[in-house]
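1. Build me a model:
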Amino acid sequence: MKFVLIFGPQAVGKMTVGHELENITELKLFHNHVTIEMLHPYFGFSPESWRLSNLFRTEILEVSSSSEMYGMIFTYVWAFNIQSDWDFVNKICQIFESKGGDVYFIELEADLDTRLVRNHTPHRLEHKPTKRNLKQSEHDLKSSMDEYRLNSFENEITRENYIRINNTSLTAAQVAEMIKKQFFL
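-> Okay, here's the model as predicted:
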């Protein structure tokens, strides 16, 4: 079983790259908004919603790690300055590693102007209803930069199967091909 974790700030292209990678491999995409969009109509962006989201994510990943599936792609906005995010990433990686699975870290980064444009793409808005209030979504994207560090420091990620890609000037298809080639997926 292969577990591909694609992480980076909002609107960097995690889900879109995940869809492209799913199209060219046997991996299945489970993007982080699947659980967010399910819970938001009932609980908004409350602590209870995040608790349930992490619970559902963990359970889905646990079941998939024991399945006959070739592998799973999961996307995540990882706040490197928040210990609970580190703990969650370690927990979900351990799910796969404890069963002999291979874990791959894909970090995406792009400049703010590019992310602001991507925040409005039809593909993003189709799959993420909570992002359709563009004014609010853009505000959240910008304000999160003041509170969270959403890309790692150099050499902070020490995993063997790790790649950092600045995809400011790359298409999602190009990035997916790079990932597939790098890790023989």
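2. Longest strand in this protein, by number of residues?
-> strand 102-109 (DSSP state E).
3. so how far is that one from its chain's centroid?
-> Offset of strand 102-109 from its chain centre (CA atoms, centre = their mean, to the nearest Å): 9 Å.
4. For that strand, list every residue counted as buried.
-> Val103, Tyr104, Phe105, Ile106, Glu107, Leu108, Glu109 (16 or more other CB atoms under 10 Å). (Each C-beta comes from the backbone N, C-alpha and C, glycine too.)
5. cool, stretch 170-185 as well?
-> The neighbour-count check on stretch 170-185 (16+ other CB under 10 Å) flags Leu170, Ala172, Val175, Ala176, Met178, Ile179, Lys180, Phe183, Leu185 as buried.
6. and what of stretch 6-25?
-> 6-22, 25.
7. mind checking the end-to-end distance for it?
-> 15 Å (CA to CA, to the nearest Å).
8. What's the mean pLDDT across whatever helix or strand Val63 lives in?
-> Element membership for Val63, per DSSP states H and E: helix 47-65. Averaged over helix 47-65, pLDDT sits at 95.
9. With only the CA atoms kept, save that helix in CSV.
-> Listed next in CSV are the C-alpha coordinates belonging to helix 47-65 (Å, rounded to 0.1, in the frame of the first residue of the first chain):
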residue,chain,number,x,y,z
PRO,A,47,-13.9,22.8,17.0
GLU,A,48,-16.4,20.0,16.9
SER,A,49,-16.4,19.9,13.1
TRP,A,50,-12.6,19.7,13.1
ARG,A,51,-12.6,16.9,15.7
LEU,A,52,-15.2,14.9,13.7
SER,A,53,-13.3,15.6,10.5
ASN,A,54,-10.1,14.2,11.9
LEU,A,55,-12.0,11.2,13.3
PHE,A,56,-13.6,10.4,9.9
ARG,A,57,-10.3,10.9,8.1
THR,A,58,-8.4,8.6,10.4
GLU,A,59,-11.0,5.9,10.2
ILE,A,60,-11.2,6.1,6.4
LEU,A,61,-7.4,5.9,6.1
GLU,A,62,-7.3,3.1,8.6
VAL,A,63,-9.8,1.0,6.5
SER,A,64,-8.0,1.8,3.3
SER,A,65,-4.6,0.8,4.7
